[in-house]
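compute the structure for the input listed below.
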Amino acid sequence: MSRKVERVSAFRKLLRVEQWYKNLMLGVPAIFALKLGDASIYPRLLLGYITLSLASSSVYIFNDIRDLEADRAHPIKRFRPLASGQISIKEAFVMLALLLVSSILLASMLDKLFTLLVILFITLSTFYSLFLKRIAVVDVTSIALNYLIRVVSGAVLIKVEASSWLVSGFFFLALFLALSKRKAELVTTGSGARDVLKIYSQRWLDQALAMAAAMTIVTYAVYCAEAPLGRRLVPTIPVMAFFLLRYTLALEVNNGEHPHEIIMRDKPTLISALLLVASVITLVYLPIEF
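Modelled structure (predicted):
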């Protein structure tokens, strides 16, 4: 591998491009607002996606700079670009500044409220890196709120109002995923991997996961029962329940630490996730009255 290719690869890892998929949550409001057929929303959603991706990467870099010494002592994290010396601290600071400024400038070109949400996203993520990630329950709640900001940002960009029940459901789903990550970390690397893992027990995490999964299903079911559009989606409630249960089982047998790893490595979980998305889109856009 040439020096130039190695540098590009190192910067890609520093930006954690593989984590940008989380910002696709921007598109969720468009599905339920029946906007997928409106071509005018896609340029705004694309720019919004780029904005949040740049903002996310700036926070990842900040976190790597702050945890540099700890990462160097970690058996896996020591191979990260900054900890391994592939990228200098000065280069990381320059990249952080460029991403931060670019994301806010781009957001300001789209919408004032969206700009405030991007600033809130960056602020919450920064506070998370500084100290929130060390406070039990606050850490996973912060992660869930960042997912929620992504969803609300999508609604703001395309000028639609998101159902409170639907927003609540996505918050509990994000909380479920955050708790599942903590459980995977505790099982695979032990309590020494994070300060907060010294507080969590596997029993508590199992109880919290069960509660978050139950609240996700309940809020989604209420949305299906109460919202006119949601009534089309009643058949998807069992699919949602199966996905959460199967995901929990995949987590139990250590099929990964990150949500995308768990979903991709366990075929029933992957199939149920794809089926859920496909069935929601199909039923929402099916041209018949329910």
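
what number of residues lie near Ala278?
If you count neighbours by other Cβ atoms under 10 Å, Ala278 ends up with 12. For the C-beta atoms, the positions are set from N, CA and C on the backbone; glycine is no exception.

which of the helices or strands spans it?
Element membership for Ala278 (DSSP states H and E) is helix 267-285.

list the buried residues of that helix.
Residues of helix 267-285 classed as buried: Thr269, Leu270, Ser272, Ala273, Leu276, Val280, Leu283, Val284 (neighbour count, 16 or more other Cβ atoms under 10 Å).

quick one: which of the residues you listed is nearest to Ala184?
Using Cβ to Cβ, Thr269 comes nearest to Ala184 of those, at 13.7 Å.

from Arg78, how far off is Pro29?
40 Å (Cβ to Cβ, to the nearest Å).

coming back round to it: just give me how far the helix holding Ala278 sits from the chain centre.
18 Å (Cα atoms, centre = their mean, to the nearest Å).

now stretch 47-66
Averaged C-alpha coordinates place stretch 47-66 at 13 Å from its chain's average position (Cα atoms, centre = their mean).

ditto for stretch 7-15
Using Cα atoms, centre = their mean, the offset of stretch 7-15 from its chain centre is 21 Å.

first-to-last residue distance for stretch 29-43?
From its first residue to its last, stretch 29-43 covers 15 Å (Cα to Cα, to the nearest Å).

can you give me the buried ones in that stretch?
Pro29, Ala30, Phe32, Ala33, Lys35, Ile41.

ok, back up a step: which among the buried residues of helix 267-285 gets closest to Glu161?
Among the buried residues of helix 267-285, and counting by Cβ to Cβ, the member closest to Glu161 is Val284, at 16.2 Å.

wait, doesn't that closest one sit right on Ile31?
Yes: Val284 is within contact range of Ile31, at 6.4 Å (criterion: Cβ atoms under 8 Å).

is it true that Asp71 touches Lys77?
Yes: when contacts are counted by Cβ under 8 Å, Asp71 is listed as touching Lys77 (4.1 Å).

anything in contact with each of those two?
Both Asp71 and Lys77 are in contact with Ala83, where contact means Cβ atoms under 8 Å, 6 or more residues apart in numbering.

so where's the stretch 101-250 of the chain shaky on pLDDT?
Applying pLDDT under 70 to the stretch 101-250 of the chain picks out residues 193.

do that again at 80, thanks
Residue ranges of the stretch 101-250 of the chain with pLDDT under 80: 188-194, 227-230.

residues making contact with stretch 103-123?
44, 47-48, 50-52, 54-55, 58-59, 100, 146, 149-150, 152-153, 156-157.

ditto for stretch 138-153
Here stretch 138-153 has contacts from 22-23, 25-26, 28-29, 48, 52, 114, 117-118, 120-121, 124-125, 127-128, 132-133, 162, 167, 170-175, 177-179, 181-182, 196, 208, using Cβ under 8 Å, 6+ apart.

with stretch 39-55 instead?
20, 23-24, 26-27, 30, 35, 99-100, 102-104, 106-107, 109-110, 114, 118, 121-122, 125, 150, 153-154, 157-158.

among those, which ones are in helices?
Those of the contacts of stretch 39-55 mapping onto helices are 30, 99-100, 102-104, 106-107, 109-110, 114, 118, 121-122, 125, 150, 153-154, 157, per DSSP state H.
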